[in-house]
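Engineer: Here's my sequence, what's the structure:
(chains A and B)
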Amino acid sequence: MANDKKMVEDITSMEEDFAKWYTDICKKAELVEYTSVKGCMVIRPYGYAIWENIQRILDGMFKATGHENVCMPMFIPESLLQKEKDHVEGFAPEVAWVTHGGSEKLEEKLCVRPTSETLFCEHYANIIHSHRDLPKLYNQWVSVVRWEKTTRPFLRSREFLWQEGHTIHATAEEAIIETEKMLGVYADFCEQYLAIPVIKGKKTESDKFAGAVSTYAIEALMHDGKALQAGTSHYFGDGFAKAFGIQYQSKENKLEYPHQTSWGMTTRLIGAIIMTHGDDNGLVLPPAVAPIQAVIIPVAQHKPGVLEKAAELKATLENAGIRVKVDDSNNSAGWKYSEYEMKGVPVRIEVGPRDIENGECVLVTRHNREKCVAKLDTLAETVAAKLQQVRDGIYNKALENRENRTYACTTLDEITAALTEKGDGFIKAMWCGSEECEDKVKEITGVGSRCMPLIQEEISDKCVCCGKKAEHLVYWGKAY
RNA sequence: CGGGGUGUGGCGAAGUUUGGUAUCGCGCUUGGUUCGGGACCAAGAGGCCAUGGGUUCAAGUCCCGUCACUCCGACCA
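Structural biologist: This next block holds a predicted model:
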């Protein structure tokens, strides 16, 4: 059997139309369904289970770094949103407003949170008085609303699920350390659990979060060569504290402004998983977040002993902590193979009368379609090892794609040539630091600045655009 | 928000040019036979053709509006 044969005919191939391929997967793998409100989608059980796994792991990482969960309200009064000037300017164009309660017009209209900095600030102003009240390391898992003009499942919806961490510290140093620490947590999460390689970097001035002193991000490269911001971490300095009147008394008995951070990751990660690991047969899920890690397909299940053996194997694997499902539906074995490939289940176990007789089964890993025969009495160990191999395999494949699509350039012509000849990807190029050059690069080559990587290299001493002295290495790319 | 495309049972389409009883494939239901890469037979269920107006004896089809989805730009997690 040819390994590259496409078996699920109703998914558009990536090569043919990447955008269509993406939406096909979202629908066919039963991740989402549209609703009658533009940009608002139903996250179906299989998609939501992925999110629950992301939540569980990330939440554990937050707790391990000393954070507590809280829950702020969904509504922000207009006057509160307006307290920090840059912040309101950044978000005003995309907020949804509540103007009525029942049939009565509200005294002051309320915005549905696009992000909750203002609510946290109002709260901090109430509860922080002394240096002993600091730091506060808070996080919340909620949904937010941004009235986007064009929408796509997971990548850009009008309401989306996320976590937003909000911390407040006595000193700038502490807040900066927090900002960097959480960026590191995000990067580890993406690489270890989602098997998505990311670039850690700092955003340019023009690309900063509204109201931040500095914004950091992790950037991932999708299969089609477009960049996706997978998480952000912001350092606010004391700007919000000043705008909201948050002050504490220091040990020296002086009134001081505290320093803040915020950081977030969203259901967009599911989009990142799809576009990093998926292929023409459907989704490929990283084992850590796969709702089903191994699916058992009983072959000739009407024959005596087959279903019993499948149930027994399921119990064994579950005891070993593996998420497993037996599909004993009346569909043919071939149908089931395709179905779970489309749904991205990392490991498939085929077990039929012949195997049982031999004390074996057939194991197939989704990402490379490799088949092998495994002994039933050591199945749990074998599957656990396979799951690790899948994680490593898809990580390396994604890393290879990124490396093949990362082009170091020293002139604008080189950028254009690289993009035309080799296709979309990351451009590594030096930059003088002026917004003018940043805009010009985008205008002429079509790629925008993604981030200034924390690990800087000097591939030239001149700005790729104006030729003056270069200040930073920048990753550029087309973005989702 | 600018430019294009598409809306017909759950999904994918034909029918629209030239107005005249709503079609096909897949899926779904029931029963039976199958089962190692999307099985087969039989019998069924399901649609005021996105939506609001208009023209007409008659509108899925013609005219005007609206909405949604989608792609390409600008903006964004």
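Engineer: Mind jotting down where the helices sit in the stretch 151-300 of chain A?
Structural biologist: Secondary structure of the stretch 151-300 of chain A (DSSP state H, counting those that start in this stretch): helices at A:172-188, A:239-244, A:268-277.
Engineer: I misspoke; the intended subject was the stretch 1-150 of chain A.
Structural biologist: Residue ranges of the helices in the stretch 1-150 of chain A, as given by DSSP H, counting those that start in this stretch, are A:18-28, A:45-64, A:78-81, A:85-91, A:117-127.
Engineer: cool, and the stretch 351-480 of chain A?
Structural biologist: A:353-358, A:379-404, A:412-422, A:435-445.
Engineer: packing partners for the second one?
Structural biologist: By that I understand helix A:379-404. strand A:214-221, helix A:268-277, helix A:306-319, strand A:347-351, strand A:360-365, strand A:370-375 (3 or more Cβ pairs under 8 Å, 6 or more residues apart in numbering; DSSP states H and E). Backbone N, C-alpha and C define where each C-beta goes, glycine included.
Engineer: Could you export these as CSV, including mean neighbour count and mean pLDDT?
Structural biologist: Formatted as CSV, the helices and strands packed on helix A:379-404 follow (neighbours: other Cβ atoms under 10 Å; pLDDT from 0 to 100):
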stretch, mean neighbour count, mean pLDDT
strand A:214-221, 24, 96
helix A:268-277, 25, 96
helix A:306-319, 16, 96
strand A:347-351, 24, 97
strand A:360-365, 20, 97
strand A:370-375, 13, 96
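Engineer: Using CSV, lay out these together with distance to RNA strand B.
Structural biologist: Below are the helices and strands packed on helix A:379-404 laid out as CSV (distance: least, Cβ to the nearest atom of the strand, whole Å):
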stretch, distance to RNA strand B
strand A:214-221, 7
helix A:268-277, 4
helix A:306-319, 9
strand A:347-351, 3
strand A:360-365, 4
strand A:370-375, 7
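Engineer: how about those, which one is nearest residue A:172?
Structural biologist: Of all the helices and strands packed on helix A:379-404, strand A:214-221 sits nearest to residue A:172, with 11.2 Å by Cβ to Cβ.
Engineer: Residues contacting that closest one, please?
Structural biologist: A:179-180, A:183, A:186-187, A:190, A:196-203, A:207-209, A:227-235, A:272, A:276, A:401-402, A:405-406, A:425-426, A:450-451, A:454, A:475, A:477 (Cβ atoms under 8 Å, 6 or more residues apart in numbering).
Engineer: Could you pick out the buried ones from those residues?
Structural biologist: Neighbour-count burial (16 or more other Cβ atoms under 10 Å) applied to the contacts of strand A:214-221 gives A:179-180, A:183, A:186-187, A:190, A:196-203, A:207-209, A:227-235, A:272, A:276, A:401-402, A:405-406, A:425-426, A:450-451, A:475, A:477.
Engineer: Residue A:355 versus residue A:176, what's the distance?
Structural biologist: The spacing between residue A:176 and residue A:355, counted by Cβ to Cβ, to the nearest Å, is 58 Å.
Engineer: Can you name the residues that contact the closest residue to RNA strand B within the stretch 201-350 of chain A?
Structural biologist: Nearest residue of the stretch 201-350 of chain A to RNA strand B: residue A:334, at 2.4 Å (Cβ to the nearest atom of the strand). For residue A:334, no contacting residues are found, by Cβ under 8 Å, 6+ apart.
Engineer: Relative to the whole chain's centre, how far out is the strand or helix carrying it?
Structural biologist: Take DSSP states H and E as the rule and residue A:334 turns out to sit in helix A:333-342. Its chain's average C-alpha position is 27 Å from that of helix A:333-342, according to Cα atoms, centre = their mean, to the nearest Å.
Engineer: So which bits of it are buried?
Structural biologist: Neighbour counts over helix A:333-342 (16+ other Cβ under 10 Å) mark A:336-342 as buried.
Engineer: near RNA strand B, which of the residues you listed show up?
Structural biologist: By Cβ under 7 Å from any atom of the strand, the members of the buried residues of helix A:333-342 lying near RNA strand B are A:337-339, A:341-342.
Engineer: Please enumerate residues in contact with stretch A:11-25?
Structural biologist: Taking Cβ under 8 Å, 6+ apart as the rule, stretch A:11-25 contacts A:6, A:10, A:28, A:31, A:152-153, A:223-224, A:271, A:274-275, A:278-283, A:342.
Engineer: hmm, back to that, which among the helices and strands packed on helix A:379-404 is found nearest to residue A:260?
Structural biologist: For residue A:260, the closest of these is strand A:214-221, at 12.3 Å, according to Cβ to Cβ.
Engineer: Can you pull out the low-pLDDT segments for the stretch 1-150 of chain A?
Structural biologist: Along the stretch 1-150 of chain A, the model assigns pLDDT under 70 to residues A:1-9.
Engineer: Domain map for chain A?
Structural biologist: Following automatic domain parsing, one gets these domains for chain A: A:18-277, A:292-393, A:406-477.
Engineer: and the second one, how far from the chain's centre?
Structural biologist: In terms of Cα atoms, centre = their mean, the centre of domain A:292-393 is set 29 Å apart from its chain centre.
Engineer: do the shortest one as well
Structural biologist: For domain A:406-477, the distance between its averaged C-alpha position and the chain's averaged C-alpha position is 25 Å (Cα atoms, centre = their mean).
Engineer: How about the first one?
Structural biologist: Taking Cα atoms, centre = their mean, the mean C-alpha location of domain A:18-277 is offset from the chain mean by 12 Å.
Engineer: for RNA strand B, what are the nearby residues on the stretch 301-450 of chain A?
Structural biologist: Selection of the stretch 301-450 of chain A residues close to RNA strand B by Cβ under 7 Å from any atom of the strand yields A:301-302, A:330-335, A:337-339, A:341-342, A:350-355, A:361-362, A:364, A:369, A:442, A:446, A:448.
Engineer: how about a cut-off of 6 Å?
Structural biologist: Residues of the stretch 301-450 of chain A lying close to RNA strand B (Cβ under 6 Å from any atom of the strand) are A:301-302, A:330, A:332-335, A:337-339, A:341-342, A:350, A:352-355, A:362, A:364, A:369.
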